[in-house]
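**Q** Make a model of this:
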Amino acid sequence: MPHPIMFDAADPYLGRIREIALALPDATEVVAHGRPTFRCGKMFGNYGGGVKGSKVRHDQSILFIADEAERPALLDDPRFFPPAYLGPAGWVGLILDDGTDWDEVAELLVTSYRQIAPKRSVAKLGPL
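**A** Residues are numbered from 1 along each chain as shown. Here you go, the predicted model:
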């Protein structure tokens with residue numbers, strides 16, 4: 001039985017995430033477990049998720065692989081949360097709202113992408 005769809009395709013936050021994620025070299029979008037995921041071979045972004053250890057859902061959020069050194073500081077910020085299922089693997093969620101800093105979102109997604117994308121795709125980004 002397939003997962004129910006847990007997003008609105010017309011969601012403006014999802015539209016912004018798509019613009020950022022799909023602008024990365026060789027990135028694709030795949031719906032998995034009812035949510036949009038962004039991949040370059042492996043997944044580097046997931047739109048929406050729940051808080052680890054609770055039934056709290058943040059349908060308008062982006063999950064990403066955090067830089068290991070930055071993860072503790074991110075999780076000290078109330079905008080961020082440890083996501084269910086993916087949190088133990090180093091993922092962090094960011095709640096999106098009208099005050100979202102989209103440059104910060106882009107930076108977080110690029111960092112996540114650089115950790116999983118093949119070297120040939122990362123090379124297309126240029127130097128840090």
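**Q** which residues touch the top helix by length along the chain?
**A** In terms of residue count, the longest helix belonging to the chain (DSSP state H) is helix 102-116. Identification of contacts with helix 102-116 by CB atoms under 8 Å, 6 or more residues apart in numbering yields 16-17, 20-21, 24, 27, 38, 40-45, 62, 64-67, 94, 96, 122, 125. The way it works is simple: take the backbone N, C-alpha and C, and place the C-beta from them, glycine included.
**Q** could you give the mean pLDDT of that helix?
**A** The average pLDDT within helix 102-116 is 98.
**Q** sorry, back to before: in helices, which of the contacts of helix 102-116 appear?
**A** Per DSSP H, the subset of the contacts of helix 102-116 in helices is Arg16, Ile17, Ile20, Ala21, Val122.
**Q** Can you give me the separation between the nearest residue to the last one once chain neighbours are set aside and Ser61?
**A** Right, Val122. Distances taken as CB to CB, 6 or more residues apart in numbering put Arg114 closest to Val122, at 5.6 Å, once the chain neighbours are dropped. Plainly put, Arg114 is 21 Å away from Ser61 if you go by CB to CB, to the nearest Å.
**Q** Compare the two (neighbour count), which wins?
**A** Ser61 (26 against 17; other CB atoms under 10 Å).
**Q** Let me know the pLDDT of the more buried one.
**A** 98.
**Q** With Gly53 instead?
**A** At Gly53, pLDDT is 87.
**Q** helix or strand for it, which one?
**A** Gly53 is part of no helix or strand when elements are defined by DSSP states H and E.
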